[in-house]
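K.L.:
Got a predicted model here, sequence first, then my questions.
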Amino acid sequence: MCAARCSGPEGSLAQHKHSTGHYGESEDEFADEYEVPLPEPPVDSPGEWVLREDFTGRKSFGFFICDCGRFWTTAHAQKEYRQGCQGCEKESYAYYMWQNHGVSTRRRNEDEEESAPHDSSRCEACRRGVCDRAVLPF
């Protein structure tokens, strides 16, 4: 598990890149000292942020960090697919993903989900036709 190699879930970005092989095109000299803090929980239900490599599901909330300095949280992160940055368009995998604990009591509201915005042009899963939120042509 990466948590042991990365000194816990808040290991440095450089440690994470070294242990997982996640090197971008540009390596920031400050990344060696930068600690990636855990974001606030995205929901009130029990769970925790885990490194993407340690996530045991397929899809959940995801916290992304781009080399350009932007970061964002999305409700539709998929472990095996990247999302593009709105600032520089570079794609990255989620750094952290939300691991739910226990059974969710939340009922899925499909009307609400369909009306929520989804940036399908920056969603690799949409382009590959595997995103639950993809708009399919008729």
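P.N.:
Okay, I see it.

K.L.:
Show me where the protein has its strands.
P.N.:
47-51, 59-65, 71-78, 83-84, 91-92, 96-100 (DSSP state E).

K.L.:
Which of the helices and strands in this protein ranks last by mean pLDDT?
P.N.:
The least trusted helix or strand in the chain, going by mean pLDDT, DSSP states H and E, turns out to be helix 2-5, with a mean of 32.

K.L.:
Show me what the mean pLDDT comes to for stretch 117-131.
P.N.:
Averaging pLDDT along stretch 117-131 yields 84.

K.L.:
Now do the buried residues in that stretch.
P.N.:
118, 122, 123, 124, 125, 126, 131 (16 or more other Cβ atoms under 10 Å). Placement of C-beta: from N, CA and C, glycine included.

K.L.:
Take these and lay them out in a markdown table including distance to residue 100.
P.N.:
A markdown table is the format used below for the buried residues of stretch 117-131 (distance: Cβ to Cβ, whole Å):
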| residue | distance to residue 100 |
| --- | --- |
| 118 | 21 |
| 122 | 25 |
| 123 | 21 |
| 124 | 23 |
| 125 | 19 |
| 126 | 23 |
| 131 | 20 |
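
K.L.:
Pull the most distant pair out of the residues you listed.
P.N.:
118 and 124 (13.0 Å; Cβ to Cβ).

K.L.:
Could you report the distance from residue 36 to residue 42?
P.N.:
According to Cβ to Cβ, to the nearest Å, residue 36 stands 16 Å off from residue 42.

K.L.:
The two - which one has more neighbours?
P.N.:
Counted by other Cβ atoms under 10 Å, residue 36 and residue 42 do not tie: residue 36 has more neighbours, with 20 against 16.

K.L.:
What segments of this protein are helices?
P.N.:
2-5, 13-20, 110-115, 124-127 (DSSP state H).

K.L.:
okay but residue 82 is in contact with residue 95, surely?
P.N.:
No: using Cβ atoms under 8 Å, residue 82 makes no contact with residue 95, being 11.6 Å away.

K.L.:
for stretch 55-69, which positions count as buried?
P.N.:
For stretch 55-69, burial by neighbour count (16+ other Cβ under 10 Å) applies to 55, 59, 60, 61, 62, 63, 64, 65, 66, 67.

K.L.:
Alright, calling it a day.
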